[in-house]
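S.K.: here are the coordinates; sequence isn't available:
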């Protein structure tokens, strides 16, 4: 067999398009854009005026750090498909230590849930929580920001079991049949952003303002934003028309169940949660809330993916190799609730 | 004349769609998504393991802050229109204290340059500089982050002349005929993100990696990223096929002009710069570099917008009311260089 000289092969590889992906069906958008909302102004006083050289070799500027500052605003980007099928806007809220990038292109380069839902006709709004990503941050929050070490998500997000992490990538092990694209683990960590532990109230205020702006909508939450989703549902039960809670780290307030029982709720839990020392507790708390909501007449589906034959999913199931399969499950559930055409 | 009761008017306003905008022509994208690139791993040692309660009422997690961390990566989002007219990808790099949001929907709700260039057939890549927005940040940078007080951009970005700012919005004055949408000034400040003064090298490294990934391209820079654009052009003159420098706070290195003279460069300067105490110096530096590049045989256009009859533009001309007019000037210039069909 004739083989191309390796130098030529390299040259051909270099000539490939920068974003090499299979040909996709074009998607028509009737509009797309972004906005910030919410937050408040605070005042700083008593600071000296500084001369700041923003660009070495450039012209210095005088900066008076006293005066008002905008803080705690929320960034939202939206994509409105021409061929709309979802009857309400779909709001995607990410988990802790991350940003809206969670739902975009996956670390392995495949389309994420943002693209899935837009392509399936949902007006899709992806936000960055207050103090994360494009929402900006200030040094006015209490306590210290928390950064995500490379090692931490491997076990905490159930890619591998406790004790499976190694600094040497070749020595790391995973749960059997993990769906997480482990070759893209380092790429995933590039999506991490710092987070504070004292900003929940500001984040919830931002999300309530978002729901007030958008009106009746479907909210999809993940991990940390689970608690935010339930709090916003409790505050605006007439506007949150369905809540999809993907591995929420906390459910709602059992004393407020009568307020929210008209909104259908879907819980999704991935694989290997039932036996995990921390996730088993989180799952038990979610299940307890789901059962209480159901007992009060609420419409709740609590799905452990492995019980549906969907195995190997990590906490980051929107980045897992079978992310489309799970998005389809959500999309079908929303249709079953009369929320899409 | 019959007037609607004001309560009814309020009800009608509340029923309006959340994003009220004139009907737009749908735009077809052959693909869109995002990625992070660049950066490096560092190691933190000697820290105590912490028990962290990420969600009040939830299940605590043990976090070992020791080990490796990903730092200095760069976030990029891309939109590839089906009806492609630009012959090369267009990279939009924002200025200091801001993020890629600079080019998205304007503070007044109108379409920004991102939407303009996508609608005009350019494969468009909008990035957040290292340590800004969705690129994430860490506490490993030298020095303190700089935050943007509400007062500062009013005069420094030439919305009003020196002395025109007031904390009382009603008392603020502007340059005559300012194009900046002053009612949206507070909305603009919601886009601000902190910035360090010590991260230029990391940002330039990220942008070089971006240009290496994308290949031949057009780069559009603004303000702080002016210096980055010229540095990347000097490092990759064969890949940056045109450079649009919108009010760059610094030009290139005059000792490296022979390297870059084959790349056409467009300088754009807004109104009221020539007389402004700081901008007159910045403009003079830009002009000096442009003249040196021209004298060496380079292709340079240096446009003061008011000399073309385009008046009232601030430093944030991509957010000004006539932003489309300036985008059209850029688009026409790119076409004149053979870079679009």
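M.R.: Noted; the coordinates are in hand. Given the structure is predicted, the values throughout are model-derived calculations rather than measurements.
S.K.: Tell me which stretches of chain A form strands.
M.R.: For chain A, the strands defined by DSSP state E occupy A:27-37, A:40-44, A:50-52, A:61-63, A:67-71, A:74-81, A:90-93, A:124-128, A:217-222, A:240-246, A:265-269, A:300-304.
S.K.: out of those, nearest to residue B:304?
M.R.: strand A:61-63 (21.2 Å; Cβ to Cβ). Using the backbone N, CA and C atoms, a C-beta is placed for each residue, glycine as well.
S.K.: Quick check: buried residues in the closest one?
M.R.: A:61, A:63 (16 or more other Cβ atoms under 10 Å in any protein chain shown).
S.K.: Check stretch A:292-301 too.
M.R.: A:293, A:294, A:298, A:300.
S.K.: Now that stretch: average pLDDT?
M.R.: Throughout stretch A:292-301, pLDDT has a mean value of 98.
S.K.: thinking again about what came up before, just send the strands of chain A back as a markdown table, with distance to chain B too.
M.R.: Formatted as a markdown table, the strands of chain A follow (distance: least, Cβ to the nearest Cβ, whole Å):
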| stretch | distance to chain B |
| --- | --- |
| strand A:27-37 | 4 |
| strand A:40-44 | 7 |
| strand A:50-52 | 7 |
| strand A:61-63 | 6 |
| strand A:67-71 | 4 |
| strand A:74-81 | 7 |
| strand A:90-93 | 11 |
| strand A:124-128 | 7 |
| strand A:217-222 | 9 |
| strand A:240-246 | 13 |
| strand A:265-269 | 14 |
| strand A:300-304 | 18 |
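S.K.: Could you list the low-pLDDT ranges of chain A?
M.R.: The model of chain A has pLDDT under 70 over residues A:1-22.
S.K.: can you tell me which residue is nearest the centre of it?
M.R.: In chain A, the residue lying closest to the centroid (Cα atoms, centre = their mean) is residue A:94, at 2.2 Å.
S.K.: related to what we said a few turns ago, and of the buried residues of stretch A:292-301, the nearest to chain B?
M.R.: residue A:293 (16.5 Å; Cβ to the nearest Cβ).
S.K.: With adjacent residues omitted, what lies nearest to that closest one?
M.R.: Nearest residue to residue A:293, sequence neighbours excluded (Cβ to Cβ, 6 or more residues apart in numbering or on different chains): residue A:300, at 5.0 Å.
S.K.: The one you found pairs with what?
M.R.: Residue A:300 forms beta bridges with residue A:265, as assigned by DSSP bridges.
S.K.: now it: how far from residue B:134?
M.R.: According to Cβ to Cβ, to the nearest Å, residue A:300 and residue B:134 sit 34 Å apart.
S.K.: Repeat that for residue A:260.
M.R.: From residue A:260 to residue B:134 the distance is 32 Å (Cβ to Cβ).
S.K.: out of these two, which sits in the busier spot?
M.R.: residue B:134 (30 against 21; other Cβ atoms under 10 Å in any protein chain shown).
S.K.: quick one, what contacts that one?
M.R.: Neighbouring residues of residue B:134 by Cβ atoms under 8 Å, 6 or more residues apart in numbering or on different chains: A:99, A:100, A:101, A:128, A:133, A:134, A:193, B:34, B:75, B:99, B:100, B:128.
S.K.: can you check residue A:279 too?
M.R.: A:158, A:247, A:272, A:273, A:315.
S.K.: coming back round to it: does the residue nearest to residue A:293 really touch residue A:264, like I thought?
M.R.: Yes - between residue A:300 and residue A:264 a contact is recorded at 7.5 Å, counting by Cβ atoms under 8 Å.
S.K.: Which one of the contacts of residue B:134 is nearest to residue A:25?
M.R.: Closest to residue A:25, out of all of the contacts of residue B:134 and judged by Cβ to Cβ, is residue B:34, at 19.3 Å.
S.K.: That closest one: neighbouring residues, count only.
M.R.: 21.
S.K.: now swap in residue A:312 and tell me
M.R.: Residue A:312 - counted by other Cβ under 10 Å - has 21 other residues nearby.
S.K.: Just give the nearest non-adjacent residue to residue A:43, would you?
M.R.: Per Cβ to Cβ, 6+ apart, closest to residue A:43 is residue A:68, 5.4 Å.
S.K.: buried set for the helix of greatest length in chain A?
M.R.: Longest helix in chain A by number of residues (criterion: DSSP state H): helix A:279-295. Neighbour-count burial for helix A:279-295 flags A:279, A:282, A:283, A:285, A:286, A:287, A:289, A:290, A:293, A:294 (criterion: 16+ other Cβ under 10 Å).
S.K.: tell me the angle that helix makes with strand A:300-304.
M.R.: Computed by axes from the mean of the first three to the mean of the last three Cα atoms, to 10 degrees, the angle separating helix A:279-295 from strand A:300-304 equals 150 degrees.
S.K.: how big is the angle separating helix A:279-295 from strand A:240-246?
M.R.: 150 degrees.
S.K.: and helix A:279-295 with strand A:265-269, angle?
M.R.: Using the same axes, to 10 degrees: helix A:279-295 against strand A:265-269 is 160 degrees.
S.K.: How far away from the center of its chain is helix A:279-295?
M.R.: 21 Å (Cα atoms, centre = their mean, to the nearest Å).
S.K.: Stretch A:151-169 too?
M.R.: Using Cα atoms, centre = their mean, the offset of stretch A:151-169 from its chain centre is 20 Å.
S.K.: can you pull the buried residues of it?
M.R.: A:151, A:152, A:153, A:154, A:155, A:156, A:157, A:158, A:159, A:160, A:161, A:165.
S.K.: Just give me the neighbour total for the nearest residue to residue A:87 once chain neighbours are set aside.
M.R.: Counting by Cβ to Cβ, 6+ apart, the nearest residue to residue A:87 once its immediate chain neighbours are dropped is residue A:339, at 5.4 Å. Neighbourhood size, residue A:339 [other Cβ under 10 Å]: 20.
S.K.: and residue A:339, what does it touch?
M.R.: A:86, A:87, A:88, A:218, A:241, A:242.
S.K.: next one: residue A:314
M.R.: Neighbours of residue A:314 in contact, by Cβ under 8 Å, 6+ apart: A:157, A:158, A:159, A:175, A:178, A:179, A:180, A:270, A:271, A:320.
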